[in-house]
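Engineer: model this:
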Amino acid sequence: QVQLVESGGGLVQAGDSLRLSCAASGRTFSVNAMGWFRQPPGKEREFVARMARSGESAYAASVKGRFTISRDNANAWNTLSLQMNGLKPEDTAVYYCVAAQTSVLPGNPPYWGQGTQVTVSS
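Structural biologist: Below you'll find the predicted structure:
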């Protein structure tokens with residue numbers, strides 16, 4: 001099992017920045033991809049960003065150029081971060097840290113954190 005705990009959410013104004021963190025524990029040696037999903041109010045969960053064990057990253061079109069995914073250790077999954085700049089009201093959502101053993105993060109990863117709320121006011 002892999003345990004994921006997010007932190008760093010909050011209420012900010014449009015244009016502000018926020019940094020989310022995800023602490024991973026358990027069988028992290030089996031993880032080959034991690035990332036972030038979000039669920040806006042009244043909508044389905046959606047992909048935000050992902051990172052492979054190699055360090056290769058990918059982003060949803062809606063956040064590309066504004067969000068940056070990173071990890072604190074190139075050789076292990078300890079802490080995954082999401083730096084969010086230029087926040088918009090449409091970024092308001094519960095953000096989830098996710099993990100999977102597959103080399104590419106699937107559409108429904110097996111491991112999820114409890115989520116952290118990000119609210120962006122206009």
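Engineer: Look up how far residue 107 lies from the residue most central in space within the chain.
Structural biologist: The residue lying closest to the centre of the chain (C-alpha atoms, centre = their mean) is residue 36, at 2.4 Å. Using C-beta to C-beta, to the nearest Å, residue 36 is found at 14 Å from residue 107. Yep, even glycine has a C-beta here, placed from its N, CA and C like the rest.
Engineer: go on, residue 72?
Structural biologist: From residue 72 across to residue 107, the span is 26 Å (C-beta to C-beta).
Engineer: Those two: which is more packed in?
Structural biologist: Neighbour tally, residue 72 and residue 107, criterion other C-beta atoms under 10 Å: the higher count belongs to residue 72, 12 against 7.
Engineer: ok, the more buried one - contacts?
Structural biologist: Residue 72 makes contact with 78, 79, 81 under the criterion C-beta atoms under 8 Å, 6 or more residues apart in numbering.
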